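Peer 1: predicted coordinates and the sequence they were generated for:
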Amino acid sequence: MPAVSKGDGMRGLAVFISDIRNCKSKEAEIKRINKELANIRSKFKGDKALDGYSKKKYVCKLLFIFLLGHDIDFGHMEAVNLLSSNKYTEKQIGYLFISVLVNSNSDLIRLINNGIKNDLASRNPTFMNLALHCIANVGSREMAEAFASEIPNILVAGDTMDSVKQSAALCLLRLNRTSADLVPMGEWTARVVHLLNDQHLGVVTAATSLITTLAQKSPDDFKTSISLAVARLSRIVTSASIDLQDYTYYFVAAPWLSVKLLRLLQCYPPPEDAALRSRLTECLETILNKAQEPPKSKKVQHSNAKNAVLFEAISLIIHHDSEPTLLVRACNQLGQFLQHRETNLRYLALESMCTLASSEFSHETVKTHIETVINALKTERDVSVRQRAVDLLYAMCDRSNAKQIVAEMLSYLETADYSIREEIVLKVAILAEKYAVDYTWYVDTILNLIRIAGDYVSEEVWYRVIQIVINRDDVQGYAAKTVFEALQAPACHENLVKVGGYILGEFGNLIAGDSRSSPLVQFNLLHSKFHLCSVPTRALLLSAYIKFINLFPEVKATIQDVLRSDSQLRNADVELQQRAVEYLRLSCIASTDILATVLEEMPPFPERESSILAKLKRKKGPGHLPDIDDARRNVNGSTEPSENTEATKKSSPSLMADLLPTNRPRPASSSPIMLSAGTMGSTHPFTDLLNLNSTPPSGASLLVDVFSDISTAAPAEVCEENFLRFVCKNNGVIYENQLLQIGLKSEYRQNLGRIYVFYGNKTSTQFLSFSSSVTSSDTLKAQLNVHAKTVDPVIEGGAQVQQILNIECVSDFTDAPVLNIQFRYGGTLQNIGVKLPVMLNKFFQPTEMLSQDFFQRWKQLGAPQQEVQKIFKARHPMDTDVTKAKILGFGVALLDGVDPNPANFVGAGVIHTKNTQVGCLLRLEPNTQAQMYRLTLRTSRDSVSQRLCDLLSEQF
């Protein structure tokens, strides 16, 4: 690189930077910057032509101002003009400005590309390097289209200098990552492999990075790189540190290149050629031998470089999984690191041994370190290292040590960090099931698990216990006895109550012969926990009680008294009330034979992969987000755990996914009773047993509709006052007068939605004959399906009842359904109509996009009918944080760094309907000075663009 002369110091720039640093306040800084911007603008627009030095100086100032966080909207052309200069410093500043400030969609791209083309053709290595660096830094699709075919020729040309080859290889690597479809595979691919033989190790290092990436996509095209990589690696590991003096780092020969070569070899299976395989084995043995040698330096850089090569070599040994000797040696080497004073080494050793434990050759060797790993679990200070120790114990577990490992995990669980407790619970549950020779041990382990860490035992765990107990006759009696004894503790976790209720409801008869666990004792024990439990658990216990009536007729009267009590029949929760009413009626009117049929024992479940294992895989996977069943979207559109766990569990369609999976056929004779609250919907055969949700038959029937006192009246005037307030939020009060308050809580997932409607009686008098229905226009009925569950016909004074609305979006729509409420208050019939806030944007799925993907899609949606634009006056104060919250609440993903103007907001999402999916891109441009907004939406359907624009523009 040419030396920078003393005259290139740009004194004006130094003075300006000094002035900025000396500013006492933000206002003074902005004032100085505005003054400088005005001066630069006048210089650029002046009649006097500026020389290269002046242009360079002013462009540098603009760049500095931009780096301070201020917008720059001029000077781009002057920077482009600097590219044509023959002075290195001027050309360098031009390229620097372009790399930082010029957007890939800029109108100047063609001029920039011409300047780059000239520099690439100049054969001046310095200028070629600057051009290649600019292409790599910008990395846009337009530049890839212009230069992707030219750069490979520069890379493999015989007369290209080494420094340019390095830049060309890295530039091509960058373009391959951003626009892989534009990088052509041709004859150059065979020639680039031979760069691994280049004398210049910098070229070899850059080429290895490129070949590794290309080999991952097209391994067959680069198979010849194996022999060259092994040969180069052999020369490096067998060389003395002085042989590669320029590339020796703290007595370690070319560590970066060694790591890259080892990583390249991991793209392929072990070499088939015996000589090549022997040479590679020799290299790996040499690396393992060097790890045993005393360190040549006490500095951390030496050990870091040495260990980097060692761990990559071990990764290659594990990848090949074909050399027992090497695998055992690698395991022993890692075992030495388990007690190393360096925390990072202990972490990496545990992580690598987890992979080694899965190999048949090294599994037994890994097991020899079990005591060391258990000790690390107990004494390690760093939680991440303890987590890796848990992973390793899980990986090394087999039938010979399962009981020891499970016992140690349970012991550690009592003091484990909260962040890893759930994962340990899942692993203990999986190991206990997988290696259970005696299922009584399995039952004991899971009950112990619930006792120690009940809060972290997910539904999947206790569902699986029940599934296994039901499927195995030999353990049912033991499970009933054990869970009965566990429930006698004064304080029981709710999950234990769920398991107890389910198992005793099914198999309590197996222990009823003992007077200590007679039917009445079992019932009293379960009912003593009833008042302490949440609504879903109470619902399950009610189902256990009706099962008891079938199993033990002698306790029928006692259970009927409980079901008949006001606390059940008038329960504020509609689910519990419905169960109590239905179970009581069933027990009174059904014959013994009907009861035995309806309440028969659960049949065995079909064998399938444990959902606990599936959950653990999801938990360990990258970037896992909660489903809408486990999380709800708040006002700002983000996800957060549901505060109302009862409502969430009740609404979740997957609550019993492991016991009665909705995506698989149920057992033919499955009992409809022993279900958790989540499965008791109006569609269930037993829920409608008393015809509470259907029209009573015209003929005589034993089961009559006892709630048929609902009057009819003309529809009321529809209230739309709060409709638009719910565009960007899902929860709140939609209607309120002096008598009634109506609140909503909504959740949406793809084309499905669920609204919980809460009716609150603000008076001290009962609402009688209370009913609600949802009506839609004829057009809307074909576009939106709304199913409303029945609501309690009586609302006590000061009480609140809940109704659930299930929604399915069939196609895009503009209208909204209407909620009609009727009730009698003081003898007068009240009619209320409320427009439900079900809008098209509620069915958005946020979509994250990179800048180039966004603009490519933006161009594809360029048809006039696909774009809607609206310029409107701001109705509210223009606050950036509030605007972001509203856009997120609208349902799209907010994309940062896409728009060249950081003040603008850009979003992307997909609207899900049953018939189709509609992609949507939006751009909101605020003008704070004029207090105006410009909103642009582009979608693949013109009706969707217009509707979304109308909804969102009303929010600002």
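Peer 2: All right, it came through fine. Numbers count the residues shown, from 1 in each chain.
Peer 1: so where's this structure shaky on pLDDT?
Peer 2: Applying pLDDT under 70 to the chain flags residues 1-9, 104-106, 240-243, 245, 607-716.
Peer 1: quick one, domains of it?
Peer 2: 433-598, 718-838, 841-954 (the TED database).
Peer 1: among these, which comes closest to residue 154?
Peer 2: Closest to residue 154 of the domains of the chain is domain 841-954 (CB to CB; 23.4 Å). C-beta coordinates here come from the backbone N, C-alpha and C atoms, glycine included.
Peer 1: quick revisit: save the domains of the chain as a markdown table, and put in distance to residue 369 and mean neighbour count too.
Peer 2: Conversion of those to a markdown table gives the following (distance: least, CB to CB, whole Å; neighbours: other CB atoms under 10 Å):
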| stretch | distance to residue 369 | mean neighbour count |
| --- | --- | --- |
| domain 433-598 | 19 | 19 |
| domain 718-838 | 45 | 18 |
| domain 841-954 | 42 | 17 |
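Peer 1: will you turn these into CSV that also has distance to residue 417?
Peer 2: Output for these, formatted as CSV (distance: least, CB to CB, whole Å):
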stretch, distance to residue 417
domain 433-598, 11
domain 718-838, 31
domain 841-954, 30
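Peer 1: which among those is found nearest to residue 321?
Peer 2: Set against residue 321 and scored by CB to CB, the domains of the chain come closest in domain 433-598, at 22.3 Å.
Peer 1: now do the same end-to-end measure for that closest one.
Peer 2: 31 Å (CA to CA, to the nearest Å).
Peer 1: got it, and stretch 64-83?
Peer 2: Taking CA to CA, stretch 64-83 runs 19 Å from one end to the other.
Peer 1: circling back to that earlier point, between the domains of the chain, which one is nearest to residue 297?
Peer 2: The stretch from those with the least distance to residue 297 (CB to CB) is domain 841-954; that distance is 42.3 Å.
Peer 1: starting at the chain centroid, how far to the closest one?
Peer 2: In terms of CA atoms, centre = their mean, to the nearest Å, the centre of domain 841-954 is found 23 Å from the chain centre.
Peer 1: of all the domains of the chain, which lies closest to residue 151?
Peer 2: Evaluated over the domains of the chain, closeness to residue 151 peaks at domain 841-954, with 18.1 Å, by CB to CB.
Peer 1: residue 364 is in contact with residue 324, correct?
Peer 2: No: in this structure, residue 324 is not within contact of residue 364 by CB atoms under 8 Å, at 10.7 Å.
Peer 1: closest to residue 38 out of the domains of the chain?
Peer 2: Evaluated with CB to CB, those place domain 841-954 nearest to residue 38, the distance being 17.5 Å.
Peer 1: can you give me the helices in the stretch 151-300 of the chain?
Peer 2: 151-156, 162-178, 188-193, 201-217, 225-237, 255-265, 274-292, 300-320 (DSSP state H, counting those that start in this stretch).
Peer 1: and of those, who's closest to residue 462?
Peer 2: Using CB to CB as the criterion, the shortest distance between residue 462 and the helices of the stretch 151-300 of the chain is 36.3 Å, found for helix 300-320.
Peer 1: so which of the helices of the stretch 151-300 of the chain gets nearest residue 492?
Peer 2: Of all the helices of the stretch 151-300 of the chain, the one in closest proximity to residue 492, counting by CB to CB, is helix 300-320 (45.3 Å).
Peer 1: quick one, the helix or strand following the closest one and helix 274-292 angle?
Peer 2: Per DSSP states H and E, the first helix or strand lying C-terminal to helix 300-320 is helix 324-337. In this structure, helix 324-337 runs at an angle of 20 degrees to helix 274-292, with axes from the mean of the first three to the mean of the last three CA atoms, to 10 degrees as the basis.
Peer 1: next, the buried residues of helix 324-337.
Peer 2: Counting neighbours by 16 or more other CB atoms under 10 Å, one finds that the buried residues in helix 324-337 are 326, 327, 328, 329, 330, 331, 333, 334, 335, 337.
Peer 1: then stretch 86-95?
Peer 2: Across stretch 86-95, burial judged by 16+ other CB under 10 Å covers 88, 89, 90, 91, 92, 93, 94, 95.
Peer 1: my read: the last one touches residue 132, true?
Peer 2: To tie it back to what came earlier, the one meant is residue 95. No: applying CB under 8 Å as the test, residue 95 and residue 132 come out as separate, 10.1 Å apart.
Peer 1: okay if I get the helices of the stretch 151-300 of the chain as JSON lines plus distance to residue 879 and mean neighbour count?
Peer 2: Output for those, formatted as JSON lines (distance: least, CB to CB, whole Å; neighbours: other CB under 10 Å):
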{"stretch": "helix 151-156", "distance to residue 879": "46", "mean neighbour count": "21"}
{"stretch": "helix 162-178", "distance to residue 879": "35", "mean neighbour count": "22"}
{"stretch": "helix 188-193", "distance to residue 879": "53", "mean neighbour count": "18"}
{"stretch": "helix 201-217", "distance to residue 879": "44", "mean neighbour count": "21"}
{"stretch": "helix 225-237", "distance to residue 879": "56", "mean neighbour count": "21"}
{"stretch": "helix 255-265", "distance to residue 879": "48", "mean neighbour count": "23"}
{"stretch": "helix 274-292", "distance to residue 879": "59", "mean neighbour count": "16"}
{"stretch": "helix 300-320", "distance to residue 879": "48", "mean neighbour count": "20"}
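Peer 1: just give the nearest non-adjacent residue to residue 455, would you?
Peer 2: residue 493 (7.4 Å; CB to CB, 6 or more residues apart in numbering).
Peer 1: ok, now how distant is that neighbour from residue 448?
Peer 2: Note on residue 493: its distance to residue 448, by CB to CB, to the nearest Å, is 11 Å.
Peer 1: how long is stretch 893-909 from one end to the other?
Peer 2: 6 Å.
Peer 1: name the helix or strand for residue 920, please.
Peer 2: Using DSSP H and E, the element containing residue 920 is strand 917-927.
Peer 1: after that strand, next one along is what?
Peer 2: From strand 917-927 onward toward the C-terminus, using DSSP H and E, the following helix or strand is strand 932-939.
Peer 1: who are the packing partners of that next one?
Peer 2: Counting contacts by 3 or more CB pairs under 8 Å, 6 or more residues apart in numbering; DSSP states H and E, the secondary-structure elements packed against strand 932-939 are strand 867-873, strand 917-927, helix 942-953.
Peer 1: of all those, which one is nearest residue 379?
Peer 2: Within those, the stretch nearest residue 379 is strand 917-927; the backing value is 53.1 Å (CB to CB).
Peer 1: can I get the buried residues of stretch 86-95 in CSV including secondary structure?
Peer 2: Shown next, in CSV, are the buried residues of stretch 86-95 (DSSP: H, G, I helix; E, B strand; the rest coil):
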residue, secondary structure
88, helix
89, helix
90, helix
91, helix
92, helix
93, helix
94, helix
95, helix
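Peer 1: now distance to residue 582 too, for the residues you listed, in a markdown table please.
Peer 2: Converted to a markdown table, those look like this (distance: CB to CB, whole Å):
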| residue | distance to residue 582 |
| --- | --- |
| 88 | 86 |
| 89 | 86 |
| 90 | 85 |
| 91 | 83 |
| 92 | 81 |
| 93 | 80 |
| 94 | 80 |
| 95 | 77 |
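Peer 1: what distance do you get for the closest residue to residue 312 other than its chain neighbours to residue 201?
Peer 2: Taking CB to CB, 6+ apart as the measure, residue 312 lies nearest to residue 262, with 4.2 Å between them; neighbours along the chain are not counted. From residue 262 over to residue 201 the distance is 15 Å, taken as CB to CB.
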